[in-house]
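1. Sequence and predicted structure are below.
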Amino acid sequence: MPYYRVAGNIPPKRHTQHRAPDGSLYFEELMGEEGFSSDSSLLYHVNIPSSIAAYRVWELPDQSLVPNHPLTPRHLSTHDLFGEGVPGTDAVTGRRLLLGNADVRLSYVVADTTSPYYRNAIGDECLYVEAGTARVETVFGDLPVGEGDYVVIPRATTYRIVPDGPVRVYAIEANSHITPAKRYLSRFGQLLEHAPFCERDLRGPVDLRVVDERDVEVYIKHRGNGPGGIAGTVHTLPHHPFDVVGWDGCLYPYVFSIRDFEPLTGRVHQPPPAHQVFEGHNFVICNFVPRKVDYHPLAIPVPYYHSNVDSDEVMFYCGGDYEARKGSGIGQGSISLHPGGHPHGPQPGAYERSVGAEFFDELAVMVDTFRPLQLGEAARACDDGVYAYSWAKGGKEAGK
């Protein structure tokens, strides 16, 4: 995280006695990355945070992946997976796996029920709220979220999601940390002037609370011998995990609204790195937001055809009308997968139609991966089976 925060009651110096009003000691926990060598926070607990009263296996939803073979661009209709929602689904155990590799997993869920308490012990999570509102309760405090919000949750943070009604979540789960693009940061971690957002746009946790409950279950996703090297365990804690009286540091969950991303435009078409927001190990997250488009008198505002030879490209369409995909069946909640090895670009007719356009009203979240993506059970269930042929439909005739 780019900057330091403090919440609640902490001692004046770290690693020193911090006592409750009755004289008992609070228990200090260092939550840190990269073996004490990177960002961290100190949390002060009423109870010992290591305590476990019981444990059992959590049988994860289907995590199997199969190769994208034969190599095929695909259109996935996420709204077909849940329709208007399946009553009783929560935003943790109800996720359905779309795509994944050794670096990142992409899932989708429509939830209307409070999730269990949960930790992802494999990597950071970036949850994009497509629709609805919710409260993400964490050990650091609460994060109110709504449509268009990214929620970045550090590895091993205990949290749960409490929907206000049906909420649609696109989950990007890393095997690493997720940070703002490094080129946006100073060597000390401040967001620089050329960055398309700044610290003022990031919303940190509020309403830190101490909950006095017993025998609370926490679901943990961790490395193991299951499909994709992933397994699940449930720990029953003798005390509630939300027993933190104060914390400080530079590691904590936060929210960033896609509406606060300031798009970078130019006289001619800008490549996807101009739209980057976050990055993880071997993948990046970009977003395409409503914006003025290219203003060179001979500009073609939609993307040129391109072979991104090192990447698979995944586009999640979450608002507006995406100019380059008209005529291909793409709509709200669609996902396109363009695998490395296949040149892709606008649908027939879009190239010509875009000439003279001054503004695009479109909203999409893109994940580019540097290892091939495989297909999860959800992708196999909602693949339209015909997207690969969409560029052949109409040819030059479509542009007349």
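-> Perfect, I can see it now.
2. Contacts for the helix or strand hosting Y150, please.
-> Using DSSP states H and E, Y150 sits within strand 149-153. Contact partners of strand 149-153, identified using Cβ atoms under 8 Å, 6 or more residues apart in numbering, comprise 120, 124-129, 136, 138, 143, 145, 159, 178, 253-258, 277-278. Where C-beta positions appear, they are placed from N, C-alpha and C, glycine not excepted.
3. Kindly report the same for stretch 371-385.
-> For stretch 371-385, using Cβ under 8 Å, 6+ apart, the contacting residues are 62-68, 74-78, 80-81, 96-103, 105-108, 282, 312, 314, 329, 337, 339-340.
4. let's go with 7 Å and repeat that
-> Here stretch 371-385 makes contact (Cβ atoms under 7 Å, 6 or more residues apart in numbering) with 62, 64-68, 74-78, 80-81, 96-103, 108, 282, 312, 314, 329, 337, 339-340.
5. just checking, which of the residues you listed belong to helices?
-> With DSSP state H as the criterion, helices contain 80-81 from among the contacts of stretch 371-385.
6. Mind checking which of the contacts of stretch 371-385 are buried?
-> With burial judged by 16 or more other Cβ atoms under 10 Å, the buried subset of the contacts of stretch 371-385 is 65, 68, 74-78, 81, 96-101, 103, 108, 282, 312, 314, 337, 339-340.
7. Now do whichever helix or strand comes after the strand holding Y150 against strand 149-153, angle only.
-> Downstream of strand 149-153, the next assigned helix or strand under DSSP H and E is strand 159-163. If you take axes from the mean of the first three to the mean of the last three Cα atoms, to 10 degrees, strand 159-163 sits at 160 degrees to strand 149-153.
8. I'd like the distance from strand 159-163 to the chain centre, please.
-> 15 Å (Cα atoms, centre = their mean, to the nearest Å).
9. just checking, what packs against that strand?
-> Judged by 3 or more Cβ pairs under 7 Å, 6 or more residues apart in numbering; DSSP states H and E, strand 159-163 is in contact with strand 117-120, strand 134-138.
10. got TSV for those, with distance to R168 too?
-> Compiled in TSV, these are given as follows (distance: least, Cβ to Cβ, whole Å):
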stretch	distance to R168
strand 117-120	18
strand 134-138	10
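11. With mean neighbour count added, can I get these in a markdown table?
-> Shown next, in a markdown table, are those (neighbours: other Cβ atoms under 10 Å):
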| stretch | mean neighbour count |
| --- | --- |
| strand 117-120 | 22 |
| strand 134-138 | 22 |
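12. which residues does I285 bridge with?
-> F278, V367 (DSSP bridges).
13. can you tell me how far it sits from R168?
-> 18 Å (Cβ to Cβ, to the nearest Å).
14. Could you give the backbone dihedrals for T93?
-> Main-chain torsions, T93, degrees, to the nearest 10: phi -80, psi -20.
15. go on, D361?
-> The phi/psi pair for D361 (degrees, to the nearest 10) is phi -100, psi 80.
16. just G229 next, same as before
-> Dihedral angles (degrees, to the nearest 10) for G229: phi 70, psi 20.
17. so it sits right up against H222, yeah?
-> No: the criterion here is Cβ atoms under 7 Å, and G229 misses it with H222 at 9.9 Å.
18. out of these two, which sits in the more crowded spot?
-> Taking neighbours as other Cβ atoms under 10 Å, G229 and H222 compare with H222 leading, 16 against 13.
19. Mind listing the strands the helix or strand the more buried one falls within pairs with, and their directions?
-> Taking DSSP H and E as the definition, one finds H222 inside strand 214-223. Sheet pairing for strand 214-223, assigned by DSSP bridges, gives strand 117-120 (parallel), strand 230-239 (antiparallel).
20. which residues are in contact with that strand?
-> By Cβ under 7 Å, 6+ apart, strand 214-223 touches 53, 58, 60, 92, 116-122, 158, 229-241.
21. can you check stretch 249-260 too?
-> Residues contacting stretch 249-260 (Cβ under 7 Å, 6+ apart): 1, 3-5, 31-33, 39-42, 138, 140, 143, 145, 148-154, 157, 197, 201-205, 287, 289, 363.
22. What is the end-to-end distance of it?
-> With Cα to Cα, to the nearest Å applied, stretch 249-260 spans 24 Å between its terminal residues.
23. what comes up buried for that stretch?
-> Those would be 249-258, 260, for stretch 249-260 by 16+ other Cβ under 10 Å.
24. that older thread, compile the helices and strands packed on strand 159-163 into a markdown table and extend it with columns for mean pLDDT.
-> Converted to a markdown table, these look like this (pLDDT from 0 to 100):
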| stretch | mean pLDDT |
| --- | --- |
| strand 117-120 | 98 |
| strand 134-138 | 98 |
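25. Compare these and give me the one nearest G88.
-> Smallest distance to G88 across the helices and strands packed on strand 159-163 (Cβ to Cβ): 15.8 Å, for strand 134-138.
26. In terms of secondary structure, what does that closest one contact?
-> Judged by 3+ Cβ pairs under 7 Å, 6+ apart, the packing partners of strand 134-138 are strand 141-145, strand 159-163.
27. what sits against S40?
-> By Cβ under 7 Å, 6+ apart, the residues touching S40 are 30-33, 249, 251.
28. Checking I335 next. Helix, strand or coil?
-> strand (DSSP: H, G, I helix; E, B strand; the rest coil).
29. The spatially closest residue to it that is not a sequence neighbour: what's it in contact with?
-> Spatial nearest neighbour of I335, chain neighbours left out: L76 (4.2 Å); criterion: Cβ to Cβ, 6 or more residues apart in numbering. Counting by Cβ under 7 Å, 6+ apart, L76 touches 98, 334-335, 337, 379, 382-383.
30. If we use 10 Å, what do you get?
-> Counting by Cβ atoms under 10 Å, 6 or more residues apart in numbering, L76 touches 98-99, 106, 108, 314, 316, 333-337, 375-376, 378-384, 387.
31. That'll do, ta.
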